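1. Could you work out the structure for the sequence below:
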Amino acid sequence: MSDLDVVVVGAGFAGLYAVHALRSSGLTVRAFEAGSGIGGTWFWNSYPGARCDVESKDYSYSFSPELEQEWSWSERYPAQPEILRYLNHVADRFKLWPSLQLNTRVTSAGWDAATAEWAVTTDDGASVTARFLVSAVGCLSAYQVPSLPGLDTFAGPWYHTARWPAEGVDFAGKRVGLIGTGSTGIQVAPEIAAVAAQLHVFQRTPNFAVPNRNRPWERDDELEFKSRYREYRKEARESFLGVPITGTGRPVLAEPRRDVQRTLAERWRAGGGMPFLGAYTDVLVSREANEVIAEFMRDRIRETVDDPAVAELLCPRTYPVGSKRLCQSDDYYAMFNRPNVELVDIRSAPLESVSASGLSTTEAFYELDALVFATGFDAISGALRRIDIRGVGGVTLASAWAAGPRAYLGVATPGFPNLFIVTGPGSPSVLSNMALSIEQHVEWIRDCIAYLTAHGYVTAEATADAEAAWMEHVTEVAYSTLFPQADSWYLGANIPGKPRVFTTYVGGVGPYGDQCDQVAAAGYEGFALGTSLSLNVRIST
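-> Okay, here's the model as predicted:
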């Protein structure tokens, strides 16, 4: 008999809700978390300026009406410390702590066909068996540092934003080099610039950023909104991004140019990436329409940055706006007007090496006291691939994903029975409100396990045909948009040698949820269901 019904890997938003939902359905559950605290992304990414780009009223659990009424967010866009306090409150309120094992990294998991269970091993040498294995490792948790010759010789400290020291870092009076200008780099840069003697921002690819217009959440506004929270959550589940957004319902190219400019200006003043990009229907499917939005944004950069040459370097031109993650900041572009900030274009003069006292490009040497890497993650599949997961016949998940990560509905993959992935490849995941997508996935997994138990099934395994058909659909939808036209981490382009495969479902959160519901209603169509330990299977097609 298995030690547990379910092992959950990770204790961020996904892992915490998985523990609550599965435990509430009567299952024995334990979650293993590598960190010394819960929170996942929001535990590790504690760099200055870390903030969610989804509004707090959306980026929160919806499973408990009582929770959403009793918790008060202080700001429109929550900062990392507040999100961490919220998650700890959730763990306290729902008494999750006895089911959480911190400071424990899962190193391997092997499927035993004879007993129909997973044997899970942790970095302390302990092992446990479970009927089901649920991955809640997160889409953005396997951080990466670029291979720079001489980095080990650098005399000063260097940091990656995804592993920021808990005690913080004092950059006062220091010469700092920042590598990486994606969402994280754009958040951390103004914080460093405010105290450093000199900040060199090494930019390979400029990124589009919209203003946050962050503000406190006033009490009256909060109470009014909470009076209709339930209706709002229903709208969110049925929406395209997991956040209800009111657009014009019209394409850019059918609108008079003056009206387009007025609408964009209004949304720019209001702040927020989703409302801005969601103004018109053709922004992410028509390059001509997209260019109208992009040029509006480039004009805002030119208005803000005093030096015309610097402004042009900050203007993205090589990819459609929105095809890379749209950044948010109220002060990133204005930061370049500070006398202690220098933009270094490493597209024209690439990074070459690090020495004890600084960093060299092909054109110049920069004396530095500290280095900061905001160089992102091996996204979506990286964290799961780093665990030695072996399915039927000892086949590793890493080898099964050698040509790129893939999963039926983003939740299960052939050859790995009873392994469920929260927001995996083939789901809306990083192109949606992750909090809502996590809840939808966890609840689907919970209901699937309940179905298996009620009908006497021992195992559930996605079929190869179902996975192939689903991923073909995911690819077809993606290539009907502009998303694949950027060398982004959505494609794995930021990881040397990683197959470039667009694995995120961009067909919409609402339609995706409907598809998942249809699969469940059809008796988990596309899964082979095992009725005994000998794995007599029924295949739904």
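
2. Any stretches of this structure with poor pLDDT?
-> By pLDDT under 70, the weakly predicted segments of the chain are 532-541.

3. Quick one: name whatever helix or strand follows the longest strand seen in it.
-> The longest strand of the chain (DSSP state E) is strand 127-135. Note on strand 127-135: by DSSP states H and E, the next helix or strand toward the C-terminus is strand 158-160.

4. Quickly run through the sheet partners of that next one, with directions.
-> strand 370-373 (parallel) (DSSP bridges).

5. CA atoms of the partner strand as PDB?
-> C-alpha atoms of strand 370-373 as PDB (Å, rounded to 0.1, in the frame of the first residue of the first chain):
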ATOM      1  CA  ALA A 370      28.600  44.300  -8.300                       C
ATOM      2  CA  LEU A 371      26.800  42.400 -11.100                       C
ATOM      3  CA  VAL A 372      23.000  41.600 -11.200                       C
ATOM      4  CA  PHE A 373      21.600  39.000 -13.600                       C
END
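
6. Leu371: neighbour count?
-> 22 (other C-beta atoms under 10 Å). Yep, even glycine has a C-beta here, placed from its N, CA and C like the rest.

7. you'd agree Leu151 is up against Ser355?
-> No. Using C-beta atoms under 8 Å as the test, Leu151 is too far from Ser355 to be in contact (9.8 Å).

8. any idea where the helices of the stretch 251-400 of the chain begin and end?
-> Secondary structure of the stretch 251-400 of the chain (DSSP state H, counting those that start in this stretch): helices at 257-270, 273-277, 287-304, 308-313, 332-335, 382-385, 397-400.

9. which residues touch the longest strand of the chain?
-> Around strand 127-135, the neighbours that count as contacts under C-beta atoms under 8 Å, 6 or more residues apart in numbering are 2-10, 18, 22, 30, 109, 112, 115-122, 384, 418-422, 424, 445, 449, 458.

10. Next: stretch 184-201.
-> With contact meaning C-beta under 8 Å, 6+ apart, stretch 184-201 is reached by 45, 47-51, 161-162, 170-179, 181, 207, 209, 327-329, 331-332, 335-336, 338, 340-344, 359, 366, 368, 372, 374, 376.

11. how long is it from one end to the other?
-> The straight-line separation of the ends of stretch 184-201 (C-alpha to C-alpha, to the nearest Å) is 13 Å.

12. repeat for stretch 484-502
-> End-to-end distance of stretch 484-502: 7 Å, with C-alpha to C-alpha as the criterion.

13. buried set for it?
-> Neighbour counts over stretch 484-502 (16 or more other C-beta atoms under 10 Å) mark 484-492, 494-495, 498, 501-502 as buried.

14. Show me how far that stretch is from its chain's centre.
-> 15 Å (C-alpha atoms, centre = their mean, to the nearest Å).

15. How about stretch 447-454?
-> With C-alpha atoms, centre = their mean, you get 28 Å for stretch 447-454.

16. And stretch 368-376, by the same measure?
-> Taking mean C-alpha positions (C-alpha atoms, centre = their mean), stretch 368-376 and its chain are 21 Å apart.

17. same check, this time on stretch 496-503
-> The chain centroid and the centroid of stretch 496-503 are separated by 16 Å under C-alpha atoms, centre = their mean.

18. do stretch 176-185 as well
-> Worked out by C-alpha atoms, centre = their mean, stretch 176-185 lies 18 Å from the chain centre.

19. again with stretch 498-512
-> Centre-to-centre, stretch 498-512 and its host chain are 13 Å apart (C-alpha atoms, centre = their mean).

20. go on, stretch 455-474?
-> Worked out by C-alpha atoms, centre = their mean, stretch 455-474 lies 24 Å from the chain centre.

21. if we can go back for a sec, what residues of the longest strand of the chain count as buried?
-> For strand 127-135, burial by neighbour count (16+ other C-beta under 10 Å) applies to Val128, Ala130, Arg131, Phe132, Leu133, Val134, Ser135.

22. Of the helices of the stretch 251-400 of the chain, which is nearest Lys95?
-> helix 382-385 (27.1 Å; C-beta to C-beta).

23. which residues touch the closest one?
-> By C-beta under 8 Å, 6+ apart, the residues outside helix 382-385 that reach it are 135, 137-138, 141-142, 144, 378, 397-398, 401, 405, 421, 424, 495.

24. Tell me the spacing between the nearest residue to Asn88 once chain neighbours are set aside and Gly415.
-> Closest residue to Asn88 apart from its sequence neighbours, by C-beta to C-beta, 6 or more residues apart in numbering: Ile38 at 6.6 Å. As for Ile38, its distance to Gly415 is 31 Å (criterion: C-beta to C-beta, to the nearest Å).

25. Between these two, which is the more surrounded one?
-> Taking neighbours as other C-beta under 10 Å, Ile38 and Gly415 compare with Ile38 leading, 24 against 19.

26. In contact with the residue nearest to Asn88, which residues?
-> Shown in contact with Ile38 (C-beta under 8 Å, 6+ apart): Ala11, Gly12, Gly15, Leu16, Leu87, Asn88, Ala91, Leu100, Leu102.

27. Check Phe276 too.
-> Listed by C-beta under 8 Å, 6+ apart, the contact set of Phe276 reads Val210, Leu264, Arg267, Trp268, Leu326.

28. Format the contacts of helix 382-385 as CSV; extra columns: distance to Ala528.
-> Formatted as CSV, the contacts of helix 382-385 follow (distance: C-beta to C-beta, whole Å):
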residue, distance to Ala528
Ser135, 20
Val137, 25
Gly138, 28
Ser141, 30
Ala142, 30
Gln144, 36
Asp378, 30
Leu397, 18
Ala398, 22
Trp401, 20
Pro405, 21
Ile421, 17
Gly424, 18
Ile495, 32
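
29. Run through the neighbouring helices and strands of the helix or strand hosting Cys516.
-> Cys516 is located in helix 509-521, with elements delineated by DSSP H and E. Packing partners of helix 509-521 (3 or more C-beta pairs under 8 Å, 6 or more residues apart in numbering; DSSP states H and E): helix 229-238, helix 434-454.
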